[in-house]
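Colleague: Sequence and predicted structure are below.
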Amino acid sequence: MRRPLYIGIGLAATALGIVGLFVPLMPTTVFLLVAAWAFARSSPRLEAWLRGHPQLGPLIADWEARGAIPVKAKVLAVAGMSLSMVLMWRLGVSAPWLIGTGAVLALIAAWIVSRPS
C-alpha cells in the first residue's frame, strides 16, 4: 500500500526538480532529495536511475557528501527571499509581520550562504 504512494511522491518530486532546472526561484535540490528519499523506500530501480542521472545525480551526491548548495541556487534563493520582502513591503504588510518575516528569512539566507558550494 505504501509503495505506490512513495513512488508517486518520488515521481512528483523528480518532475518538480526538473522544472527547477529551468525556472528561476524554483528549488531543484530539495525536490530531488525528497525524490531520492521516496524512491529509497519504494523502488531501488528508480533510486538508482535518479542517483545515476548525469545532471540530477550530482546535486544529490554533493548535498549528501558535503551539504553543498550550488552558487546559482544560493543566488536565486537569496534573491527570491529579497524579492518577497520587497513585495510584502510594497503591498503594505504591517511592520511586525515585516520584521518577523525579515528576521526568519535573514536566518535562512545566512544558513544557505554558509553552506559549501
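Modeller: Structure's in. What do you need? Numbering: from 1, shown residues only.

Colleague: Specify the residue ranges that define each domain of the protein.
Modeller: Annotated domains of the chain cover 2-66, 71-114 [automatic domain parsing].

Colleague: if I look at the residue nearest the centre of the chain, how far off is residue 7?
Modeller: Nearest to the mean C-alpha position of the chain, counting by C-alpha atoms, centre = their mean, stands residue 30 at 2.9 Å. Distance of residue 30 to residue 7, given as C-beta to C-beta, to the nearest Å: 19 Å. (Each C-beta comes from the backbone N, C-alpha and C, glycine too.)

Colleague: still on that earlier bit, quick check: the residue nearest to the centre of the chain vs residue 91, distance?
Modeller: Taking C-beta to C-beta, one finds residue 30 at 26 Å from residue 91.

Colleague: now swap in residue 75 and tell me
Modeller: Distance of residue 75 to residue 91, computed by C-beta to C-beta: 24 Å.

Colleague: circling back: ranking the domains of the chain by burial, who's on top?
Modeller: With neighbours defined as mean count of other C-beta atoms under 10 Å, those peak in mean count at domain 2-66, which reaches a mean of 16.

Colleague: what is the mean pLDDT for that domain?
Modeller: Regarding domain 2-66, the rounded mean pLDDT is 92.

Colleague: and the gap between the nearest residue to residue 116 once chain neighbours are set aside and residue 106?
Modeller: Among residues not flanking residue 116 along the chain, residue 68 sits closest, at 4.6 Å (C-beta to C-beta, 6 or more residues apart in numbering). Taking C-beta to C-beta as the measure, residue 68 falls 22 Å from residue 106.

Colleague: what residues are up against residue 77?
Modeller: 25, 27, 69, 109, 112 (C-beta atoms under 8 Å, 6 or more residues apart in numbering).

Colleague: What is the nearest of these to residue 98?
Modeller: residue 109 (15.4 Å; C-beta to C-beta).

Colleague: doesn't residue 80 make contact with the closest one?
Modeller: No. Contact criterion C-beta atoms under 8 Å: residue 109 and residue 80 do not qualify, at 9.8 Å.

Colleague: returning to that earlier point: tell me which element the residue nearest to residue 116 falls in.
Modeller: Assigned by DSSP states H and E, residue 68 falls within no helix or strand.
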